[in-house]
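Participant: model this:
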Amino acid sequence: MPVKDLPLSFRFGVFFFVGGLVPNPIDIRFQKVSGLGATVALKTHAEGGQNLYTHRFPETIGYQNLVLERSAPLISPLDIEFNISLSLFKFSASNVLVTLFDDGGAPTAGWMFLNTYPVRWATSDLDAGQNGVVIDTMELAYTRMQIMRL
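Facilitator: Down below sits the predicted model:
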């Protein structure tokens with residue numbers, strides 16, 4: 001497969017759906033997204049008299065947290081939502097769509113995260129000896145992830 005046909009990881013968008021339905025048009029640009037993964041937890045069962053192996057059965061699906069990084073904006077709806085959750089302990093679940101685009105801007109893949117809520121927010125170190133951009137790292141837990149290939 002030629003390299004030009006492979007998806008490139010730097011063309012993506014993140015879309016928050018306030019209340020699960022209405023897209024937030026402001027908080028879409030992030031420099032890094034990680035945590036796109038799921039793992040099946042297995043339950044083992046030993047069969048009586050069988051000492052060579054155990055049976056392994058799928059039990060639950062576990063998800064990593066979705067981690068988003070971006071330059072720290074002055075104010076945005078997402079920052080307000082995170083601040084309310086982490087300051088007042090009032091959580092409002094939303095859905096998040098991460099979309100991968102081709103070189104023409106058409107979507108090629110997506111990951112839908114259902115019922116997300118913030119679990120961590122961190123700002124990069126402030127250092128007078130460095131000339132860098134202030135980065136906010138936002139971490140979200142969610143109930144389920146759906147993978148979409150277009």
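
Participant: return the residues in contact with the most centrally placed residue in the chain.
Facilitator: With distances taken as Cα atoms, centre = their mean, the residue of the chain nearest its centroid is residue 66 (2.7 Å). Residue 66 is in contact with 33-36, 96, 98, 113, 116, 139-142, counting by Cβ atoms under 8 Å, 6 or more residues apart in numbering. C-beta here means a position set from N, CA and C on the backbone, and glycine is covered the same way.

Participant: pLDDT weak spots in this structure?
Facilitator: Across the chain, the stretches falling below the confidence threshold (pLDDT under 70) are 1-9, 19-20.

Participant: that one: strands as residue ranges?
Facilitator: All strands of the chain, identified by DSSP state E, fall at 12-18, 22-23, 32-34, 38-45, 55-63, 66-71, 94-101, 107-123, 135-141, 144-149.

Participant: could those go into a markdown table alongside distance to residue 85?
Facilitator: Formatted as a markdown table, these follow (distance: least, Cβ to Cβ, whole Å):
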| stretch | distance to residue 85 |
| --- | --- |
| strand 12-18 | 13 |
| strand 22-23 | 18 |
| strand 32-34 | 20 |
| strand 38-45 | 24 |
| strand 55-63 | 19 |
| strand 66-71 | 14 |
| strand 94-101 | 11 |
| strand 107-123 | 5 |
| strand 135-141 | 10 |
| strand 144-149 | 20 |
